[in-house]
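**Q** Structure, please.
(one chain, ligands or ions: 1)
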Amino acid sequence: MNNYTIVRQEHLNHYGFLFGGAMLKWVDEFAWLVASRDFPGCPLVTVGMDRISFRQPVANGSILRFHILPEKQGATSIRYVVDVYADEPGGREEKEVFSTTVTFVHVDAQGHKQPLPRSGPLRSLDDSA
Ligand SMILES: CC(=O)SCCNC(=O)CCNC(=O)[C@H](O)C(C)(C)COP(=O)(O)OP(=O)(O)OC[C@H]1O[C@@H](n2cnc3c(N)ncnc32)[C@H](O)[C@@H]1OP(=O)(O)O
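**A** Numbers count the residues shown, from 1 in each chain. Alright, predicted model coming up:
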């Protein structure tokens, strides 16, 4: 499944490129949205981000595409792979600029972990077809 956003002035660091923290915020939010659509009615919290790799600096005005797919479901958790591609202003080709995995845990109203439905993340798999 894909989500998109644009890099603006307020997302830049003091070198004039995208601030890494802005990227991490988008990744957490967009992956959470995909996971929440995959498991309707299941409150999910982020438990970990791994294999974080900032591959290329990202210029102001770039259009970012967040490609998010489920990788592994456990008893209470689900891990997604997130690959981010950037289309520079005026550019004709996307390049991969970032990748990570994000894991979410299903919790109850008290914040205690709960089993995840075994139906799996069907919605994002359908959307990626
Ligand atoms: C969308 C957001 O931004 S939410 C805000 C940020 N997140 C939070 O505030 C969550 C804070 N953390 C917590 O409340 C707790 O740690 C919980 C509820 C997530 C986990 O509770 P615990 O009882 O410690 O769970 P436990 O250690 O047994 O792990 C639960 C599952 O997460 C997995 N897990 C735990 N830590 C990690 C990690 N660092 N990375 C990946 N997976 C992890 C475990 O393997 C387990 O998976 P499984 O049940 O599918 O086999």
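
**Q** make it CA atoms for all contacts and neighbour counts henceforth
**A** Noted.

**Q** Check whether stretch 89-109 comes near the ligand.
**A** Yes. Stretch 89-109 reaches the ligand (C-alpha under 6 Å from any ligand atom) through 103, 105.

**Q** okay, how far is it across that stretch, tip to tip?
**A** Stretch 89-109 has an end-to-end distance of 44 Å (C-alpha to C-alpha, to the nearest Å).

**Q** what separates it from the chain centre, distance-wise?
**A** Relative to the chain's own centre, stretch 89-109 is displaced by 3 Å; criterion: C-alpha atoms, centre = their mean, to the nearest Å.

**Q** Pull out the buried residues from it.
**A** Using 16 or more other C-alpha atoms under 10 Å as the test for burial, stretch 89-109 gives 95, 97-107.

**Q** again with stretch 21-36
**A** 23, 27-28, 30-32, 34-36.

**Q** Dump the C-alpha coordinates for it into CSV.
**A** C-alpha atoms of stretch 21-36 as CSV (Å, rounded to 0.1, in the frame of the first residue of the first chain):
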residue,chain,number,x,y,z
GLY,A,21,12.9,13.0,12.7
ALA,A,22,10.2,14.2,10.2
MET,A,23,10.8,11.1,8.2
LEU,A,24,10.4,8.9,11.3
LYS,A,25,7.2,10.6,12.3
TRP,A,26,5.6,10.0,8.8
VAL,A,27,6.8,6.4,8.8
ASP,A,28,5.3,5.7,12.2
GLU,A,29,2.0,7.4,11.3
PHE,A,30,1.5,5.9,7.8
ALA,A,31,2.5,2.4,8.9
TRP,A,32,0.1,2.7,11.9
LEU,A,33,-2.7,3.8,9.5
VAL,A,34,-2.1,0.8,7.3
ALA,A,35,-2.0,-1.6,10.3
SER,A,36,-5.2,-0.1,11.7
